[in-house]
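Predicted model follows, preceded by the sequence.
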Amino acid sequence: MPTFSKVELEAALDHYTAVVEECSRSGEWAPFADLFTEDVHYIEHAYGEMDGRETVRTWIQEVMAPFPHMRFPSEWQAYDEENGAVVIHIKNLLDHPTDPDGEPFWFPNWTRLVYAGDNQWSSEEDIYNPRRDAARVVGAWLAAGGELATDTIPSPKH
């Protein structure tokens, strides 16, 4: 496994964050998959393990379809230069649907990314509690007036 400097990892994470922010702004999630190598290994604790960029592309478009503008602001990052990895704490966040100044709805997520170089990641693992946190938060958001962009919500595998 190659060693990357903290500066390299920070720059790659900045690029990752910018792409995710643009996907959230536009509602178009296909470009998210281009952050990864063709043979990426993606572990998602609700939806299982996936291999390959195109598998991730199909999955992210399906899973984000009901919530195309969900945001993922970072709370903190930890860098592991020796293993080329970054761990970030993010909020899976839905803005208040009826009050621009209202509290957003969010649940915590820890993501571990392994860097492959050239602004691409060879793996991602998302760690959160989908049954407890995601269901509760999405339910509260819907009760506050949130509307899904599609009626099709992919069923978690776990």
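It's in. What you see is a predicted model, and the numbers here were worked out from it, not measured in a lab. Numbering: from 1, shown residues only.

what packs against the longest helix seen in the chain?
Secondary structure assigned by DSSP state H gives helix 6-26 as the longest helix of the chain. On a contact count with 3 or more Cβ pairs under 8 Å, 6 or more residues apart in numbering; DSSP states H and E, helix 6-26 meets strand 74-80, strand 85-94, strand 105-117. For every residue, glycine as well, the C-beta is placed using N, CA and C.

For Trp141, the count of nearby residues, please.
For Trp141, the count of nearby residues is 22 (other Cβ atoms under 10 Å).

Same list, the helices and strands packed on helix 6-26, but as TSV with distance to Trp59, mean pLDDT and mean neighbour count please.
Converted to TSV, these look like this (distance: least, Cβ to Cβ, whole Å; pLDDT from 0 to 100; neighbours: other Cβ atoms under 10 Å):
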stretch	distance to Trp59	mean pLDDT	mean neighbour count
strand 74-80	22	96	14
strand 85-94	16	97	19
strand 105-117	15	97	19
